[in-house]
Every structure is written in C-alpha cells, then in structure tokens.
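Chemist: Quick one: sequence plus predicted model below, questions after.
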Amino acid sequence: MDLKIDFTDKEISPWSGVYLLKKMLDRMEFDEILSALNLPETGSNRGYHPIN
C-alpha cells in the first residue's frame, strides 16, 4: 500500500507516524536483521524472545 504524504489542516493522531515507521522497518527486513544478531535468550518462563 503506497501512501501519499501531504500537509493537512485536519486533526490527526499523534500515533500516525508509527505506521510509516512500521513500513520502513518492513522494507529493511528488520526482523531478519534482528534474527541474525546474537541476542541473549530469556531465562524466565514468563519471558519472550528479544525480537518480539
């Protein structure tokens, strides 16, 4: 989905830029970059993988 970026006088959410950040990280294949790093594993049973 391509977005048109433009100026507006309408109110927008302060979170609207998060979508642009997500698109950028997806294009960089950021998940694969993080997977290639040697990040420490959690030792807790309530922990989660550092990539998440």
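Modeler: Here it is on my side, so go on.
Chemist: okay, the residue most central in space within the chain: pLDDT?
Modeler: The centroid of the chain falls nearest to Lys22 when counting by CA atoms, centre = their mean (4.1 Å). As predicted, Lys22 sits at a pLDDT of 90.
Chemist: and it, how far is that from Asn38?
Modeler: Separation of Lys22 from Asn38 (CB to CB, to the nearest Å): 25 Å. For every residue, glycine as well, the C-beta is placed using N, CA and C.
Chemist: Can you list the neighbours in contact with the longest helix along the chain?
Modeler: When the chain is parsed with DSSP state H, its longest helix is helix 16-27. If you take CB atoms under 8 Å, 6 or more residues apart in numbering as the criterion, helix 16-27 is touched by Leu3.
Chemist: pull the CA atoms of it into PDB?
Modeler: This file holds the C-alpha atoms of helix 16-27, laid out as PDB (Å, rounded to 0.1, in the frame of the first residue of the first chain):
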ATOM      1  CA  SER A  16       0.000   8.200  12.800                       C
ATOM      2  CA  GLY A  17       3.800   8.100  12.200                       C
ATOM      3  CA  VAL A  18       4.000   4.600  13.700                       C
ATOM      4  CA  TYR A  19       2.600   3.200  10.500                       C
ATOM      5  CA  LEU A  20       5.400   4.900   8.500                       C
ATOM      6  CA  LEU A  21       8.000   3.500  10.900                       C
ATOM      7  CA  LYS A  22       6.500   0.000  10.500                       C
ATOM      8  CA  LYS A  23       6.600   0.300   6.700                       C
ATOM      9  CA  MET A  24      10.200   1.400   6.800                       C
ATOM     10  CA  LEU A  25      11.200  -1.500   9.100                       C
ATOM     11  CA  ASP A  26       9.400  -4.000   6.900                       C
ATOM     12  CA  ARG A  27      11.300  -2.700   3.800                       C
END
